[in-house]
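Engineer: Okay, sequence plus prediction incoming.
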Amino acid sequence: MKSELKQIRENTWCITGHQLIPVYKTDESHCILLDTGVRGFRDQLEILLLQAGLKPAGIIQTHTHYDHFGSTAYFQEKYGAVVAMPIGEAEISRTLAGIKSHLFVFPIGQLAHDPKYSDIPCRADLLIEEDQTAVTVAGVTFEVLHTPGHAIDHISIVTPDRVCCVGDALFSEPVMAAMKLPYAFDFTKCLDSIESLRGGDWPVMILSHCGIEKPPYDHLIDVNRDRMLAQYREVLSLVDRPMHSVEICDALGEKMGVCPSVPEKAQDLERFLRPYLECMVDRGDLRLVMDHHALCYAPV
Ligand SMILES: [Fe+2]
């Protein structure tokens with residue numbers, strides 16, 4: 001898919017392609033990036049910016065997932081870009097150990113040998129506190145909306161042109177329909193954050209994967225909420241007896257067509273599934289039981 005730098009509204013632009021990267025022009029030769037996309041997109045991203053005569057003066061991160069963080073440390077070091085991020089995400093992205101703690105099922109040595117993870121570690125220049133509603137980067141003030149859940153301390157960012165960049169707090173309708181198991185670190189907070197965006201009066205909303213939306217946003221919010229809840233119920237229905245998580249993974253493969261073929265995909269599946277199971281335990285929809293010396297999830 002061809003990528004290009006496209007104007008959205010006044011100084012707010014966006015790099016299009018497999019995912020969307022919002023770009024705010026601070027002047028004719030500098031910009032602030034809202035996330036930096038995947039590691040594999042780095043060369044193309046840098047060329048697109050340089051062809052437009054833009055150097056990154058700042059970066060604001062919505063969250064610390066590898067597909068949003070691929071060039072953040074690189075631009076910080078090469079161009080002196082000031083990196084701002086929410087305090088909870090800054091703690092994760094500061095070290096490879098922090099990233100490992102978030103990904104939990106990946107051995108740290110595996111992460112160290114995979115550039116999509118090993119290139120992430122980055123010290124934030126500016127921390128965004130939990131009660132902070134604005135952040136000023138390279139002289140430009142952006143509104144901050146706290147939308148945790150998809151990631152621990154995920155934020156959405158509103159540019160001075162009133163373009164709301166929601167990162168992964170919302171997914172476009174086709175992307176959401178294609179996702180077998182939408183990821184949420186904290187399922188309950190994720191639903192609350194989706195709902196918190198209802199009624200927003202921003203003239204444009206940019207979704208990282210992959211939509212440029214206009215108001216009203218109610219249908220988009222309904223689609224996100226309904227899909228999350230439908231998949232929650234789908235997973236819950238699989239647990240019809242005390243089951244080990246590996247048995248639930250197998251059942252997912254059979255019923256939902258989630259069939260990992262290599263270890264990394266299986267690790268991702270476990271990482272995606274666990275928050276659903278933990279939320280079900282917290283909500284009282286499942287209970288933890290023992291099968292001899294192994295942990296199982298059981299219907300209530
Ligand atoms: Fe994400």
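Structural biologist: Looks like it arrived, so ask away.
Engineer: can you give me the end-to-end distance of stretch 86-106?
Structural biologist: Distance across stretch 86-106, first residue to last, is 24 Å (C-alpha to C-alpha, to the nearest Å).
Engineer: Does that stretch reach the ion?
Structural biologist: No. Contact between stretch 86-106 and the ion is absent, the nearest approach being 10.7 Å (criterion: C-beta under 5 Å from the ion). For every residue, glycine as well, the C-beta is placed using N, CA and C.
Engineer: who touches that stretch?
Structural biologist: Here stretch 86-106 makes contact (C-beta atoms under 8 Å, 6 or more residues apart in numbering) with 61, 63-64, 69, 72, 85, 107-108, 111-112, 117-118, 120-124, 127-130, 144, 146, 148, 151-155, 185, 267, 270-271, 274.
Engineer: how about 7 Å then?
Structural biologist: Stretch 86-106 has contacts (C-beta atoms under 7 Å, 6 or more residues apart in numbering) with 61, 63-64, 69, 85, 108, 111-112, 117-118, 120-124, 127-130, 151-153, 155, 267, 270-271.
Engineer: List the ones among those that fall in helices.
Structural biologist: Helix and strand membership here follows DSSP state H; of the contacts of stretch 86-106, those in helices are Ile108, Leu111, Ala112, Tyr117, Ser118, Gln267, Glu270, Arg271.
Engineer: What is the burial count for the second one?
Structural biologist: So that's Leu111. Summarising burial for Leu111: neighbours were counted as other C-beta atoms under 10 Å, giving 19.
Engineer: can you map out the helices along this protein?
Structural biologist: Per DSSP H, the chain has helices spanning 42-51, 72-79, 87-93, 96-103, 108-112, 115-118, 173-178, 187-196, 218-238, 245-256, 263-282. These are given in chain order.
Engineer: Deepest in the core, which of these is it.
Structural biologist: Mean neighbour count (mean count of other C-beta atoms under 10 Å) peaks for helix 87-93 among the helices of the chain, with a mean of 21.
Engineer: export that helix as PDB, just CAs?
Structural biologist: Presented in PDB, the C-alpha positions along helix 87-93 are these (Å, rounded to 0.1, in the frame of the first residue of the first chain):
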ATOM      1  CA  ILE A  87       3.900   8.100  32.800                       C
ATOM      2  CA  GLY A  88       2.700   4.500  32.800                       C
ATOM      3  CA  GLU A  89       3.900   3.900  29.300                       C
ATOM      4  CA  ALA A  90       7.200   5.700  30.000                       C
ATOM      5  CA  GLU A  91       7.900   3.100  32.700                       C
ATOM      6  CA  ILE A  92       7.400   0.200  30.300                       C
ATOM      7  CA  SER A  93       9.300   1.700  27.400                       C
END
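Engineer: Just the angle for the least confident helix or strand in the chain by mean pLDDT relative to helix 263-282, thanks.
Structural biologist: Taking mean pLDDT, DSSP states H and E as the measure, the chain has helix 245-256 as its least confident helix or strand, at a mean of 89. For helix 245-256 against helix 263-282, the angle by axes from the mean of the first three to the mean of the last three C-alpha atoms, to 10 degrees is 100 degrees.
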